[in-house]
Every structure is written in C-alpha cells, then in structure tokens.
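Peer 1: how would this look folded up:
(one chain, ligands or ions: 2)
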Amino acid sequence: MSEIEPSRSLTVVMSGPSGVGKDTVIEALLRSGAGVRRYVTATTRPPRAGEIPGRDYHFVSEGEFDRLIAGDSLIEWAHVHSHRYGTPRRGVFPEPEPGADILLKIDVQGGVNVKRQMPETVMIFLAPPSWAVLEERLKGRHTESEESLRLRLRNARREMAQVVHYTYCVVNDVVEKAAARVQAILRAEKCRIRDANALLAAYGIADEPSR
Ligand code: ADP
Ligand code: 5GP
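Peer 2: Numbering: from 1, shown residues only. Ligands and ions are numbered 1, 2, ... in the order given. You can find the predicted model right below:
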C-alpha cells in the first residue's frame, strides 16, 4: 500500500429514531463486504428473540453496568427508552476483527458525546421516508409492548430534532439504496484532505517555494 493511498480507518456513528431501520441497513452493509465492522455496545435491555450476546450487544445486568461506569470502562453511556446503553472502551470486551472501519449504532446523546471526544468521527443520521412509515416499521417489527412502542414514538420526535448535530442524513427508503449511500459517504470520507502538508510530503514536494 502506498503512503498516498487513502487507507485510514474511520469511526462512524449511525443514529436515528427507533424502527427507522438502523440494524437492517447495517446488516446490508456488513453483507456488502464494505469492510465495515459493527462495534458492539453494552446494554441492560434484555435480548430480543434472535439476538446473540456479543454479536448484537453485550447484555449486562444493572450491577455489571454500574461496575463498567465505576471502572471508567465506557466512552459514553445514556438512558435510552428506559434502559441503559454504553460504548465500551477498546479492549474492555474481546474484539473479533480489528482494523476495519468501525460503525457505532448509538443514540443521539451518545453520538454527540463520541464526536466531542473524537472529532474525526463521521456522523450519519438515518431518517425515515415519512413519519407514517416510521410508525409502520416500528409496529411491523412486533418486538415492543404497547407501552414501549408509545415511548419509542414519543422519543423519535426528540431524536429527529438532533439531526442538527450530524453531517449526513441518509433516508432509508429502500434498504440496499440506503446502504449504498452510506458506502458512498465512507468512500468520500476516505478521500477527504485532512493534512495537505503530509499529502504533499508523500510526493516529495512539501517545500516548493510557490506554496
Ligand atoms: P432500528 O434498528 O432502527 O430500530 P430495524 O432495523 O429493527 O430498526 O427495522 C425496523 C423494522 O423496519 C424491521 O421490521 C425491518 O425489517 C423494517 N425495515 C427496515 N428498513 C426497511 C426498509 N427500507 N423498507 C421496509 N422495511 C424496512
Ligand atoms: P435498541 O434497544 O432498539 O437496540 O436500541 C435503542 C437505542 O439505543 C438505539 O437508538 C441505539 O442506537 C441506542 N444505543 C445502542 N447502543 C448504545 C450505546 O452504547 N450508547 C448510546 N448512547 N446509545 C446506544
């Protein structure tokens, strides 16, 4: 690999209201071989049917979550929909494949917090094609009680308002299209000029007098 090739790995935050399709789009991205890896976060929420510990979340008890906070083992954590969720620091839990771009599926409070600590983080907001579609998707998933559904829909309005903190908005109309848009963003981010002097030095023209 040449020094000039844009090879940096990215930290990407994806947020969006519950039911918009974050998990579905992330699954499509993982399948597409985009070289993205989902960073597994911790939660006190019980697993849903089909969810696998260590793949979908590190499912922990309230006591374990307290210990993660006390040990400064979380980059950020937040109360979301009446459970606690947090992003573990690297190495707190075993990580299967280092090296790839890292995708964090976290809520807007967490996203803003991570961006503050790591300003290079790529901020992507996944939005529904319409409010009616969001409701349909959340109901159609059949994973929430009536009460949890109402809570998630109430929170969704507040979450949408936080789009101001994000750089990109991807509308999840068709899963594959949304995943392709995310891939395009990642490709563009890798081409961004962050340090022009280092770039020119790689061509051996760092000290040109005309600059
Ligand atoms: P989130 O992770 O944002 O809470 P999910 O990925 O669980 O959302 O998606 C919620 C529901 O919407 C699921 O039943 C999923 O199959 C469906 N869904 C997601 N994206 C689309 C889409 N583009 N078109 C139709 N249905 C979708
Ligand atoms: P769910 O219960 O539907 O998997 O996730 C609920 C919400 O919690 C989603 O908005 C998801 O992005 C958010 N979430 C998941 N992990 C984290 C985390 O580590 N930190 C924060 N702040 N939010 C998270």
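Peer 1: shouldn't Arg89 be in contact with Glu76?
Peer 2: No: the criterion here is CB atoms under 8 Å, and Arg89 misses it with Glu76 at 10.2 Å. In short, each C-beta sits where N, CA and C put it, glycine included.
Peer 1: between those two, who's got more neighbours?
Peer 2: When Arg89 and Glu76 are compared for neighbours, Glu76 comes out ahead with 19 against 13, by other CB atoms under 10 Å.
Peer 1: So for that one, what's the pLDDT?
Peer 2: On the pLDDT scale, Glu76 is placed at 96.
Peer 1: Roughly how far does Leu151 sit from ligand 2?
Peer 2: According to CB to the nearest ligand atom, to the nearest Å, Leu151 and ligand 2 sit 11 Å apart.
Peer 1: Would you verify that Gln109 is located in a helix?
Peer 2: Yes: under DSSP: H, G, I helix; E, B strand; the rest coil, Gln109 sits within a helix.
Peer 1: need the contact list for the closest residue to it other than its chain neighbours.
Peer 2: Closest residue to Gln109 apart from its sequence neighbours, by CB to CB, 6 or more residues apart in numbering: Ala78 at 4.4 Å. Counting by CB atoms under 8 Å, 6 or more residues apart in numbering, Ala78 makes contact with 84-86, 106-107, 109-110, 113.
Peer 1: helix/strand/coil for Ala78?
Peer 2: strand.
Peer 1: Do a quick rundown of the strands in this protein.
Peer 2: Using DSSP state E, the strands of the chain run over residues 11-15, 36-38, 42-43, 58-59, 74-80, 83-88, 101-105, 122-127, 168-171.
Peer 1: Could you dump those into CSV with distance to ligand 1 added?
Peer 2: Formatted as CSV, these follow (distance: least, CB to the nearest ligand atom, whole Å):
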stretch, distance to ligand 1
strand 11-15, 9
strand 36-38, 11
strand 42-43, 13
strand 58-59, 16
strand 74-80, 11
strand 83-88, 13
strand 101-105, 7
strand 122-127, 7
strand 168-171, 9
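Peer 1: Pick out the shakiest of those, pLDDT-wise.
Peer 2: strand 36-38 (a mean of 90).
Peer 1: Look up the closest residue to the closest residue to ligand 1 within the chain, ignoring the ones flanking it.
Peer 2: Nearest to ligand 1 in the chain, going by CB to the nearest ligand atom, is Gly21, at a distance of 2.8 Å. Excluding the flanking residues, the one nearest Gly21 by CB to CB, 6+ apart is Asn172, at 4.3 Å.
Peer 1: residues near the one you found, how many?
Peer 2: Asn172: 23 neighbours (other CB under 10 Å).
Peer 1: and what of Ala161?
Peer 2: Residue neighbour count, defined by other CB under 10 Å, stands at 10 for Ala161.
Peer 1: who touches it in this structure?
Peer 2: Going by CB under 8 Å, 6+ apart, the list of residues near Ala161 is empty.
Peer 1: Next: Gln183.
Peer 2: 29, 32, 34.
Peer 1: Quick one: which of the residues you listed is the most crowded by neighbours?
Peer 2: Leu29 leads these on contacts (other CB under 10 Å) with 25 neighbours.
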